[in-house]
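Quick one, what's the 3D model for this:
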Amino acid sequence: MDDDASIHDWRYVHNLIIPGDVLSLDGVRARTGRNRMEVAYLGDVLLGCTTVRPPTGDNGATATVIARVLPGYRRRGLGTRLHEHALVQARALDTPLARPRHRWHASIR
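Numbering: from 1, shown residues only. Presented below is the predicted three-dimensional model:
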């Protein structure tokens, strides 16, 4: 993800779903240098985003996969598809994956 439109869209999804951790454009750009980040669309409609965090000294030898879906597009299997897509990317890193866990935020119903 290196174009400004994708960076803006990824930031929009992140900040809407995680209002307690609002990121600036510079913050998102910094993350693109160390993480695999993508945005998901249906045609021209933004649906969500994914992040694959490779292993670092801070997280041991595990990769982390995050899939986010905008509220209006949930309960349609899109989150599962995004998660599965990101898992393929994480497995290509040839490292163990972090154990699955779900983080629920106040904005998610």
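
can you list the weak-confidence ranges in this protein?
59-60, 96-109 (pLDDT under 70).

Tell me where it has strands.
In the chain, the strands defined using DSSP state E lie at 36-42, 45-53, 64-69.

Which one of those strands lies nearest to residue 29?
The closest of the strands of the chain to residue 29 is strand 36-42. By Cβ to Cβ, the value is 10.2 Å. For glycine as for every other residue, the C-beta is placed from the backbone atoms N, C-alpha and C.

Show me which residues of that closest one are buried.
By neighbour count with 16 or more other Cβ atoms under 10 Å, strand 36-42 contains the buried residues 36, 37, 38, 39, 40.

Excluding sequence neighbours, find me the nearest residue to the residue nearest to the spatial centre of the chain.
Nearest to the mean C-alpha position of the chain, by Cα atoms, centre = their mean, lies residue 50 at 2.6 Å. Excluding its sequence neighbours, the residue lying closest to residue 50 (Cβ to Cβ, 6 or more residues apart in numbering) is residue 86, at 4.2 Å.

same thing with residue 12?
Closest to residue 12 by Cβ to Cβ, 6+ apart is residue 46, at 7.2 Å.

List the contacts of that neighbour.
9, 12, 13, 39, 40, 70 (Cβ atoms under 8 Å, 6 or more residues apart in numbering).
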